[in-house]
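J.: Structure of the sequence below:
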Amino acid sequence: MNNPFTIECQVCGQNLELEYPQTGDAGMDRLLLKVAKGCVHDRCFNERRHANDEAQEVERITARSQAWPLLCEPYYQNCTEWIKTGEAMGKLNMPSVRQALEWQYNPKGLLLHGKQSGTGKTTSMWCIMHREFIAGRFIVKVSHTELAKKAIKISFKSEPGIFRWAHTLKTSDILFIDDLGKARFKSADGEGRASEEFLFDILDARINAKLPTMFTCNMTGEELKRSMSSDRGPGFTRRIRDFFVSIKFDMLGK
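T.: As a prediction, this is how the structure comes out:
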């Protein structure tokens, strides 16, 4: 049987609950108790280090959110200036771009989708992000590929601060996930399935908290649904339909 006890770490001063096995042999039990007490600081140190790692990760994300050059990809950092150019004038006549830029902060997210490149999806999204950044919103941007890689680490708890990172994705004022569907769902190595489960968890948390999530995507809703597992694909697209403004981008602006 195990004998629980509370002991104060003589190095850190933290009280920790420990257990040591009792064998019934008095000499062996004294030795096991001594070993258990000797492990107090190791455990205390590891717990404090983990908490510090998580705190540092949140500080890094917060700093990135509060500095536009760190938050925004270099190519799009002058997106608000682009709006004033002749090229922009043509695209601003597209109903899709105008409709996207009309989005105002509210619980409903925004999905900008379309199979063609160069139609203004990402630029329009960064114009919105800049406006919300100036308004003081806490914005977190992540690509779907990066999210998929992090999802594996969450599954195996293999990276310090990973759960605080996930919590930040769920609670930021705006979460922008770029290139939704770029990372494979349902992949043989498990990364896609982990990505799917993590994405679903994030989306549900943010919907329940009435926080908007923003997506750019080169897939149609049906393609997204088919790319996911049968138990999550329909639910995911239903949430997109019910809790998002969905705008299709193409060269004709239809």
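J.: C-alpha from now on. contacts and neighbour counts both.
T.: Fine.
J.: model confidence over stretch 78-94, on average?
T.: Model confidence over stretch 78-94 averages 67 on the pLDDT scale.
J.: same check, this time on stretch 218-234
T.: Stretch 218-234 carries an average pLDDT of 81.
J.: Please export the C-alpha coordinates of it as PDB.
T.: Taking C-alpha atoms only, stretch 218-234 is exported to PDB below (Å, rounded to 0.1, in the frame of the first residue of the first chain):
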ATOM      1  CA  ASN A 218      -9.200  27.400 -51.000                       C
ATOM      2  CA  MET A 219     -11.800  24.600 -50.600                       C
ATOM      3  CA  THR A 220     -15.500  24.600 -50.900                       C
ATOM      4  CA  GLY A 221     -17.700  23.600 -47.900                       C
ATOM      5  CA  GLU A 222     -18.400  20.300 -49.500                       C
ATOM      6  CA  GLU A 223     -14.700  19.700 -50.100                       C
ATOM      7  CA  LEU A 224     -13.900  20.500 -46.500                       C
ATOM      8  CA  LYS A 225     -16.600  18.200 -45.300                       C
ATOM      9  CA  ARG A 226     -15.300  15.300 -47.400                       C
ATOM     10  CA  SER A 227     -11.700  16.000 -46.200                       C
ATOM     11  CA  MET A 228     -12.800  15.400 -42.600                       C
ATOM     12  CA  SER A 229     -14.000  12.300 -40.900                       C
ATOM     13  CA  SER A 230     -17.600  11.400 -41.200                       C
ATOM     14  CA  ASP A 231     -18.300  12.100 -37.500                       C
ATOM     15  CA  ARG A 232     -16.900  15.600 -37.600                       C
ATOM     16  CA  GLY A 233     -17.200  16.800 -41.200                       C
ATOM     17  CA  PRO A 234     -20.900  17.500 -41.200                       C
END
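J.: Buried residues in it, which are they?
T.: By neighbour count, with 16 or more other C-alpha atoms under 10 Å as the criterion, the buried positions of stretch 218-234 are Asn218, Met219, Gly221, Leu224, Lys225, Ser227, Met228, Ser229, Gly233, Pro234.
J.: next one: stretch 139-154
T.: Neighbour-count burial for stretch 139-154 flags 139-141, 143-145, 147-148, 150-154 (criterion: 16+ other C-alpha under 10 Å).
J.: Could you export the residues you listed to a markdown table, including columns for distance to Val245, secondary structure and pLDDT?
T.: Formatted as a markdown table, these follow (distance: C-alpha to C-alpha, whole Å; DSSP: H, G, I helix; E, B strand; the rest coil; pLDDT from 0 to 100):
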| residue | distance to Val245 | secondary structure | pLDDT |
| --- | --- | --- | --- |
| Ile139 | 19 | strand | 92 |
| Val140 | 19 | strand | 92 |
| Lys141 | 19 | strand | 93 |
| Ser143 | 20 | strand | 90 |
| His144 | 19 | helix | 87 |
| Thr145 | 23 | helix | 85 |
| Leu147 | 22 | helix | 84 |
| Ala148 | 24 | helix | 82 |
| Lys150 | 27 | helix | 80 |
| Ala151 | 26 | helix | 79 |
| Ile152 | 30 | helix | 74 |
| Lys153 | 31 | helix | 72 |
| Ile154 | 30 | helix | 71 |
